[in-house]
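**Q** Okay, predicted coordinates and the sequence, questions at the end:
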Amino acid sequence: MYTADGKRYEEMRYRRCGKSGLLLPEISLGLWHNFGSADSFDNMQGMVHTAFDLGITHFDLANNYGPVYGAAEENFGRIMERDMRPYRDEMIISTKAGYDMWPGPYGNFGSRKYLTASIDQSLSRMKLGYVDIFYHHRPDYETPLEETAEALSDIVRSGKALYVGISNYDSERTRRIAEILRENRTPLLINQVRYSMLDRHIERERIPETCRDVGAGVICFSPLAQGVLSDRYLDGIPSDSRAAKNRFLRGDSITPELISKVKALGELAGARGQTLAAMALSWVLRREEITSVLIGASRPEQIRANLAATKGAPFSEEELSKIEEILKK
């Protein structure tokens, strides 16, 4: 029987999510990868235990995480039933709906029909009475934004979620849905966006500033650019890697020019006393608008290693300039 580490809150730092009362850990665990139907359940359970023992209280899922669709939620539900139930009130559990989940016209995008059915299915798979955050996973340019927002608000009012989130929304639609949600008295809590040293689109679109203006937090996924900002590809493409399998990362994107940049960043990280992965996470967290970064892991040891990101020294102006110089080559 699992018993959580009594010192689990001593190392992790927590940040306020926008203007809400909710604090999130600087490092959160995403269950996008390695929680599917073909993965080892013992390893999944070990990763959840390790994360929680390290003060990672936030676990992020979506209805179609797998494979197969729904498998990550089902496996997480098994872990909750086996040994995490006593700690439910110390956990922030989020899930999302917006991408394809079941056949036909009602299993995708942002209609009231889809979102309402999705939250019920997700709660059933995870064996939960509610989630802490329910996200609309992506913008839907066909469904009226008012319909999507009202469905999210009704899910909160029903007690099936405590907070409302969005994911992959640009600045304009973030402002619009935030206004509607505020009128519905269910304020926008957070926007989940992709952000890393190698993917800077949220800076160009000023999404962090927009979220700050509307009182929402920001949580970033793919902060390691699917593992590129680590030592994973420095000596070629491993046969079991995402790039080798063209799974969320194309093998032909791992170019000699990219590896040259990654090696230079690794040298800078070493001078800071960090691994490249830890420095990449620290770089995302350097911005005060960022509430948390989502990490993925294939084994518990990776989670422990990534926690070093919360202990790195603040970046000097010289280091930040050097990073920009490397990236522009």
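**A** Noted; the coordinates are in hand.

**Q** can I get the CA coordinates of the strand or helix carrying Leu294 in PDB?
**A** Using DSSP states H and E, Leu294 maps to strand 290-295. Output of strand 290-295 as PDB, limited to C-alpha atoms (Å, rounded to 0.1, in the frame of the first residue of the first chain):
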ATOM      1  CA  ILE A 290       4.100  31.100 -16.500                       C
ATOM      2  CA  THR A 291       2.400  29.200 -13.700                       C
ATOM      3  CA  SER A 292       3.700  25.700 -14.400                       C
ATOM      4  CA  VAL A 293       5.400  23.600 -17.000                       C
ATOM      5  CA  LEU A 294       4.100  20.100 -18.000                       C
ATOM      6  CA  ILE A 295       6.700  17.400 -18.200                       C
END
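
**Q** quick thing: my sequence starts at 361, can you match it?
**A** With the count now opening at 361, the last piece we talked about shows up as strand 650-655.

**Q** Would you double-check that Glu679 falls in a helix?
**A** Yes: assessed by DSSP: H, G, I helix; E, B strand; the rest coil, Glu679 belongs to a helix.

**Q** mind checking how far it is from Asp480?
**A** 48 Å (Cβ to Cβ, to the nearest Å). Any C-beta I mention is one placed from the backbone N, CA and C, and that applies to glycine too.

**Q** cool, and Tyr495?
**A** Distance, Tyr495 to Asp480, by Cβ to Cβ: 16 Å.

**Q** The two: which is more packed in?
**A** Shown here are Tyr495 and Asp480; by other Cβ atoms under 10 Å, Tyr495 has more neighbours (28 against 13).

**Q** What ranges does this protein have for its helices?
**A** Assigned by DSSP state H, the helices in the chain fall at 401-413, 431-439, 472-486, 505-517, 531-543, 561-564, 567-574, 616-631, 636-645, 660-666, 677-688.

**Q** For the longest one, C-alpha coordinates in PDB please.
**A** Provided in PDB are the C-alpha atoms of helix 616-631 (Å, rounded to 0.1, in the frame of the first residue of the first chain):
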ATOM      1  CA  PRO A 616      22.700  18.600 -38.000                       C
ATOM      2  CA  GLU A 617      22.000  22.300 -37.600                       C
ATOM      3  CA  LEU A 618      19.500  21.600 -34.900                       C
ATOM      4  CA  ILE A 619      21.800  19.200 -33.100                       C
ATOM      5  CA  SER A 620      24.600  21.800 -33.200                       C
ATOM      6  CA  LYS A 621      22.400  24.300 -31.400                       C
ATOM      7  CA  VAL A 622      21.300  21.700 -28.900                       C
ATOM      8  CA  LYS A 623      24.900  20.800 -28.100                       C
ATOM      9  CA  ALA A 624      25.800  24.500 -27.600                       C
ATOM     10  CA  LEU A 625      22.800  24.900 -25.300                       C
ATOM     11  CA  GLY A 626      24.000  21.800 -23.400                       C
ATOM     12  CA  GLU A 627      27.400  23.400 -22.900                       C
ATOM     13  CA  LEU A 628      25.800  26.500 -21.500                       C
ATOM     14  CA  ALA A 629      23.600  24.300 -19.200                       C
ATOM     15  CA  GLY A 630      26.700  22.500 -17.900                       C
ATOM     16  CA  ALA A 631      28.300  25.800 -17.100                       C
END
